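Enquirer: I need the structure of the sequence given here:
(3 chains)
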Amino acid sequence: MMSSATLFDLQASVKDKSAFRQIEDYYALSYAFLNLLIEIQPTRIVSPNDPRYIFYQFDKTYRHKITRPLNSDLFIEATDDFQIAFERFISFLGDLKRFGQTAINKSSIQEYLKSNEVNKIVYTCQQIIGSIGDSFENPNQSRKRVGQLFENLVKLLIKEIGFACESRTISVPIPDSPDYMMSYELDLVFSKNGAIIASEHELIHPGEIIGSVKTTSKDRIDKIFLDKFLLTKLLGREIKVIAIFLHDVQRARRANSIFGINSTFKTNHFLGYTVALNRLDGVYFVDPRPNMVADFSLRSEIDDFQYLLVNDIWRL
DNA sequence: GACCCGTCTCTGGAAACGAT
DNA sequence: ATCGTTTCCAGAGACGGGTC
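Expert: I've put the predicted structure just below:
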């Protein structure tokens, strides 16, 4: 079906709180957006200080709004490429569910992983939601929905490969203050073993792992280390916490261009917390910064999201 | 049920800081 | 002065509890 959706229609989809119940809903929105790009031909701008990143600028109808920076190594722009890649991705998730951690040993799957397609699909779907959000009148509504929908996407993917996974709010007792409890909202609680028991939703059980999902780490990285520290201390046993980020770049004005980009990952604090507070049980980026690959200290702590799905999640 | 209020959480650009 | 790094911040939304 060729899209006749307008950007206003896609904005309404992103705002719709009853939408995005299944992974295919992300496909439908993404496909419609890529078709819309062909129709309305927004200006495509390459960032002068990092040419891997591009922006789209919408026309007067959409008040000349500019999208977030998009990594052209990951963002799939061609609709037919995206369609084919998405179908392969869904079938790959089926294989992962069927073969579990042994999937990585199959040569066909190893071949598939080389294409980095898992990260590309997740990146494209989520950044399309972000790009639609960037055209909203209300930036705070966009921010909230973009965050909610990324958390939702990661949850759907983890469930799709056979894990129990839900958002959960737990009540954490405060020592020496029996009248007070800390209400702690957890993005994801997942486990290999079947359904989550409804009566035990206010606790963390053995075998359950906490996942914190954020589009960028920025200054919010601090809280994730604190979560691991505090929950381990207050619950009296080791609590496993992993972090999942989409990327860590933002637009930044330069002297000669408004289309610069900056990293927002706090390398020094990340390493400081890791060695002095507690090591997280996994840190994953869909779009890692170059220094996360180049720098030995970071490389040993951080992987990409694809690696979580095919390897680490089965071993945690 | 409807409504309000307090709490907790969401993000990305702006602002502030720091190194050169 | 410029630019990379770190911090600040606004307002949205989910949710629980209280009141009617």
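Enquirer: and A:M181, how far from DNA strand B?
Expert: 9 Å (CB to the nearest atom of the strand, to the nearest Å). Quick note: C-beta positions are derived from backbone N, CA and C, even for glycine.
Enquirer: now that residue. Its backbone dihedrals?
Expert: phi -130, psi 150 (degrees, to the nearest 10).
Enquirer: low pLDDT regions in chain A?
Expert: Applying pLDDT under 70 to chain A picks out residues A:1-3, A:194-201.
Enquirer: please parse it into its domains.
Expert: A:7-150, A:160-315 (automatic domain parsing).
Enquirer: got these as JSON lines, with mean neighbour count columns?
Expert: As requested, the domains of chain A are exported to JSON lines (neighbours: other CB atoms under 10 Å):
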{"stretch": "domain A:7-150", "mean neighbour count": "17"}
{"stretch": "domain A:160-315", "mean neighbour count": "16"}
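Enquirer: isn't there a helix covering A:Q148?
Expert: Yes - looking at A:Q148 with DSSP: H, G, I helix; E, B strand; the rest coil, it is inside a helix.
Enquirer: residues contacting it?
Expert: Residues near A:Q148 by CB atoms under 8 Å, 6 or more residues apart in numbering: none.
Enquirer: give me the distance between the two termini of stretch A:172-180.
Expert: 9 Å (CA to CA, to the nearest Å).
Enquirer: ok, A:S72 to A:T124 distance?
Expert: According to CB to CB, to the nearest Å, A:S72 and A:T124 sit 11 Å apart.
Enquirer: can you tell me which residues in chain A are near DNA strand C?
Expert: Listed as neighbours of DNA strand C in chain A under the rule CB under 7 Å from any atom of the strand: A:15, A:17, A:49, A:138, A:140-141, A:143-145, A:148, A:169, A:218-219, A:252, A:254-256, A:260, A:262-269.
Enquirer: narrow the residues you listed to those in strands?
Expert: Residues of those located in strands (DSSP state E): A:169, A:252, A:260, A:262-263.
Enquirer: against A:D187, how distant is the spatially most central residue of chain A?
Expert: For chain A, A:L246 is the residue whose C-alpha lies nearest the centre (CA atoms, centre = their mean; 4.0 Å). Noted for A:L246: a distance of 13 Å to A:D187, by CB to CB.
Enquirer: can you give me the strands for the stretch 101-250 of chain A?
Expert: Along the stretch 101-250 of chain A, the segments classed as strands by DSSP state E, counting those that start in this stretch run A:164-173, A:181-191, A:209-214, A:241-245, A:249-252.
Enquirer: quick one, which of these is nearest to A:K65?
Expert: Nearest to A:K65, of all the strands of the stretch 101-250 of chain A, is strand A:249-252, at 12.1 Å by CB to CB.
Enquirer: counting by contacts, list what that closest one packs against.
Expert: Where contact means 3 or more CB pairs under 8 Å, 6 or more residues apart in numbering; DSSP states H and E, strand A:249-252 is packed against strand A:260-263.
Enquirer: kind regards, and thank you for your time.
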